[in-house]
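> I'll drop the sequence and a predicted model, then ask my questions.
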Amino acid sequence: QLAQEVKEERNARLLSLVNELAGHRYDRYVGEQVEILVEGESKKNSTRMMGRTRTNKIVVFDGSERHRGHLMDVKINRAGSFTLYGDPAIINMD
């Protein structure tokens, strides 16, 4: 048996490491354009929309209900531990 404080401290260290490693994995997407299938409202911010890449990564972006169910390109501008954040990409604007 372990004291509750020891369990909590170990859990906090583990979560910190998991978040750090996941963040590094998602950093490589910043600046990239990805295609997503828009699923609906973001779970944490109902004013934003959420979709998934072909590799099942969650992407949150500014959009509206009219995007639901559509494939669209999003340029990733920020990465969280388990979520990518981006803006709809404007294509062929030379």
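Good, I have the coordinates. Residues are numbered from 1 along each chain as shown.

> And the strands in this structure?
33-41, 49-53, 58-61, 71-79, 83-88 (DSSP state E).

> between the ones you listed, which gets nearest to Q4?
Nearest to Q4, of all these, is strand 83-88, at 30.7 Å by Cβ to Cβ. For glycine as for every other residue, the C-beta is placed from the backbone atoms N, C-alpha and C.

> Report the buried residues of the closest one.
83-86, 88 (16 or more other Cβ atoms under 10 Å).

> Could you single out the nearest of these to S64?
P88 (10.4 Å).

> From the centroid of the protein, which residue is nearest?
T83 (1.7 Å; Cα atoms, centre = their mean).

> who touches it in this structure?
26, 58-60 (Cβ atoms under 8 Å, 6 or more residues apart in numbering).

> For it, list each beta-bridge partner.
Per DSSP bridges, the residues bridged to T83 are I58.

> pLDDT at it, what is it?
As predicted, T83 sits at a pLDDT of 93.

> re the thing from before, out of the strands of the chain, flag the one nearest L2.
strand 83-88 (32.4 Å).

> can you give me the angle that closest one makes with strand 71-79?
Between strand 83-88 and strand 71-79, the angle comes out at 120 degrees (axes from the mean of the first three to the mean of the last three Cα atoms, to 10 degrees).

> So what's the gap between stretch 12-20 and the chain middle?
Computed by Cα atoms, centre = their mean, to the nearest Å, the chain-centroid distance of stretch 12-20 equals 18 Å.

> average pLDDT across it?
89.

> Could you do stretch 41-56 as well?
When pLDDT is averaged over stretch 41-56, the result is 92.

> looking at the contacts of T83, which has the most residues close by?
With neighbours taken as other Cβ atoms under 10 Å, the top of these is V59, carrying 24 neighbours.
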